[in-house]
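Novice: Turn this into a model:
(one chain, ligands or ions: 1)
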Amino acid sequence: MSRVPYRFETRLLHFGGEIDSATGASSVPIYQASTFHHEDIFHPPVHDYSRSGNPTRQKLEDYIAQLEGGAQGFAYASGMAAISSTFMLLSAGDHIIVTEDVYGGTYRLLTSILNRMGMEFTFVDMTDLEQVKEALQPNTKAVYMETPSNPTLKITDIGAITAWALDHGLLTIVDNTFMTPYYQRPIELGVDIVLHSATKFLGGHSDVLAGLAVARTESLGTKLKQLQNGLGTVLGAQDSWLLMRGMKTLGARMTYSEQGAAKLAAWLTGRSDIEAVYYPGLLDHPGREIHEKQCSGYGAVVSFDVGSGERAKQVLNAVSLPLVAVSLGAVESILSYPAMMSHAAMGEKVRHERGITDGLLRFSVGLEDIDDLIGDLARALDVYK
Ligand SMILES: *Cc1c(COP(=O)(O)O)cnc(C)c1O
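Specialist: Numbers count the residues shown, from 1 in each chain. Model (predicted):
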């Protein structure tokens, strides 16, 4: 689908908007304007109001559309703005099949806001196609996937679910935040809409909150455009520029962080005081084969169980290199505690059923030297045995 005959790494730098055509400037100009002058009322300017279209945001939207191989891209104020705007394609009475370990914020949107709008949801284990098939109802309109899932990194077979969904006329949506188009391009597997929290790997520096969506077809793009403009969930010009700045180094960052993550996962696996390690690159990961079919890498996130909630909290307080924080996908490593952070709102029983135990930590590997990160974690783990 790509319109430019270069490989992905090259297209990250040469995406069509990298040189300002008016001045030759080496980055996209920031058009910090809300509105645009009509020099001739009979020939209105291309952009007339920044909610409906802004030249800086447009470059970013074209950039992500090209990277994902879709017809049109859209930029939003956050990942949740992209996700909530996309769900507005659906209507009261519609039923949607959703992966059970969907991002916590998406779970909240569906179960506390969109349910009030009359939408119905069934949460299923998407690693099992049979469960997806069984969830089909006469009013089912869409399937919502996320792979690898968060924080236990379960793998959904995007191609198999999409082929089944196509047979039933269902819209398919994938949250591609963890892999990014560098490793996984769902539109090439037939998916209709790809979503991102660009706050994570695409932005990559923990300094911008943003969301992106890419539509496979022009007709879906037209609908998303109407929603983005109608809801006003747009990304500002400054943040659009910052995001593009981050995206240029996506390939270099992903490759380097992934090497570290693989080393960290192997090291954790070799320790007798770690109860479980979740990383799609591990030989015993149950979804590894499917993951390798649809992805060209394993990513930079490793989750592991240190045995108890008490020990997890000790480790969090004892590490000195990673940020102890919500979020992931940045130049600095981030260590998160799902039980008290991203999944705090989930009832304990459901949380434990989904493998999000009290001892589970999630490590997003950044660009530090991996041996320093491992050394730091080793010291923190040895505080409490
Ligand atoms: C962070 C995240 C979101 C939400 O994005 P925001 O930018 O925080 O609104 C959605 N999906 C996944 C997988 C995420 O990690």
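
Novice: quick one: Met88 and Gln228 touch, right?
Specialist: No: between Met88 and Gln228 there is no contact under C-beta atoms under 8 Å: 9.6 Å. (C-beta placed from N, C-alpha, C; glycine too.)

Novice: Compare neighbour counts for the two and give me the winner.
Specialist: Between Met88 and Gln228, Gln228 has the larger neighbour count (other C-beta atoms under 10 Å), namely 26 against 17.

Novice: Assign a three-state SS to the more buried one, would you?
Specialist: helix (DSSP: H, G, I helix; E, B strand; the rest coil).

Novice: what are the ranges of the helices in the stretch 51-200 of the chain?
Specialist: Counting by DSSP state H, counting those that start in this stretch, the segments of the stretch 51-200 of the chain that form helices are 55-68, 79-87, 104-109, 129-134, 158-167, 180-183.

Novice: can you list those in JSON lines and add distance to the ligand, mean pLDDT and mean neighbour count?
Specialist: Below are these laid out as JSON lines (distance: least, C-beta to the nearest ligand atom, whole Å; pLDDT from 0 to 100; neighbours: other C-beta atoms under 10 Å):
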{"stretch": "helix 55-68", "distance to the ligand": "14", "mean pLDDT": "98", "mean neighbour count": "24"}
{"stretch": "helix 79-87", "distance to the ligand": "2", "mean pLDDT": "98", "mean neighbour count": "24"}
{"stretch": "helix 104-109", "distance to the ligand": "5", "mean pLDDT": "92", "mean neighbour count": "18"}
{"stretch": "helix 129-134", "distance to the ligand": "19", "mean pLDDT": "98", "mean neighbour count": "14"}
{"stretch": "helix 158-167", "distance to the ligand": "15", "mean pLDDT": "98", "mean neighbour count": "18"}
{"stretch": "helix 180-183", "distance to the ligand": "11", "mean pLDDT": "98", "mean neighbour count": "25"}
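
Novice: So for Phe123, which of the ones you listed sits nearest?
Specialist: In terms of C-beta to C-beta, the element of those nearest to Phe123 is helix 104-109, at 8.1 Å.

Novice: elements contacting that closest one?
Specialist: Counting contacts by 3 or more C-beta pairs under 8 Å, 6 or more residues apart in numbering; DSSP states H and E, helix 104-109 packs against helix 79-87.

Novice: Can you name the residues in contact with the helix it packs on?
Specialist: The contact list for helix 79-87 (C-beta atoms under 8 Å, 6 or more residues apart in numbering) reads 74, 76, 96, 103, 105-106, 109-110, 113-114, 119, 173, 175, 177, 193, 195-200, 209-213, 224, 227-228, 231, 233.

Novice: now stretch 376-385
Specialist: Contacts of stretch 376-385 (C-beta under 8 Å, 6+ apart): 264, 271, 273-274, 306, 310-311, 314-315, 318-322, 363.

Novice: Show me which strand runs longest in this structure.
Specialist: Longest strand in the chain by number of residues (criterion: DSSP state E): strand 140-146.

Novice: how distant is the worst-scoring helix or strand of the chain on mean pLDDT from the center of its chain?
Specialist: Within the chain, no helix or strand scores below helix 348-353, which has a mean of 88 by mean pLDDT, DSSP states H and E. Distance, stretch centre to chain centre, for helix 348-353: 24 Å (C-alpha atoms, centre = their mean, to the nearest Å).

Novice: was I right about Met117 contacting Ala92?
Specialist: Yes: assessed by C-beta under 8 Å, Met117 is found in contact with Ala92 at 6.0 Å.

Novice: neighbour count winner among those two?
Specialist: Using other C-beta under 10 Å as the criterion, Met117 and Ala92 rank with Met117 on top: 13 against 10.

Novice: Tell me the spacing between the more buried one and Met145.
Specialist: Applying C-beta to C-beta, to the nearest Å, the value for Met117 to Met145 is 22 Å.

Novice: follow-up on the earlier one: show me the contacts of stretch 376-385 that map onto strands.
Specialist: Phe363.

Novice: Got a quick PyMOL command for the buried subset of the contacts of stretch 376-385?
Specialist: Of the contacts of stretch 376-385, the buried ones go into a single PyMOL selection, burial set by 16 or more other C-beta atoms under 10 Å:
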select buried, resi 264+274+306+311+314+315+319+321+322+363
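
Novice: residue ranges with poor pLDDT in the protein?
Specialist: 1-4, 385 (pLDDT under 70).

Novice: cutoff 90 now
Specialist: For the chain, residues meeting the criterion pLDDT under 90 lie at 1-5, 16-17, 101, 104, 342-347, 350-351, 353-355, 383-385.

Novice: where exactly do the strands run in it?
Specialist: So, for the chain - with DSSP E - the strands run 72-76, 95-99, 120-124, 140-146, 171-175, 193-197, 211-215, 276-278, 301-305, 323-324, 334-336, 360-364.

Novice: which stretch among the helices of the stretch 51-200 of the chain comes nearest Ile290?
Specialist: Nearest to Ile290, of all those, is helix 158-167, at 8.3 Å by C-beta to C-beta.

Novice: Does anything pack onto the closest one? Which helices or strands?
Specialist: Checked by 3+ C-beta pairs under 8 Å, 6+ apart, helix 158-167 has helix 129-134, strand 140-146, strand 171-175, helix 288-294 packed alongside it.

Novice: now it: how far from the chain's centre is it?
Specialist: For helix 158-167, the distance to the chain centre is 20 Å (C-alpha atoms, centre = their mean).
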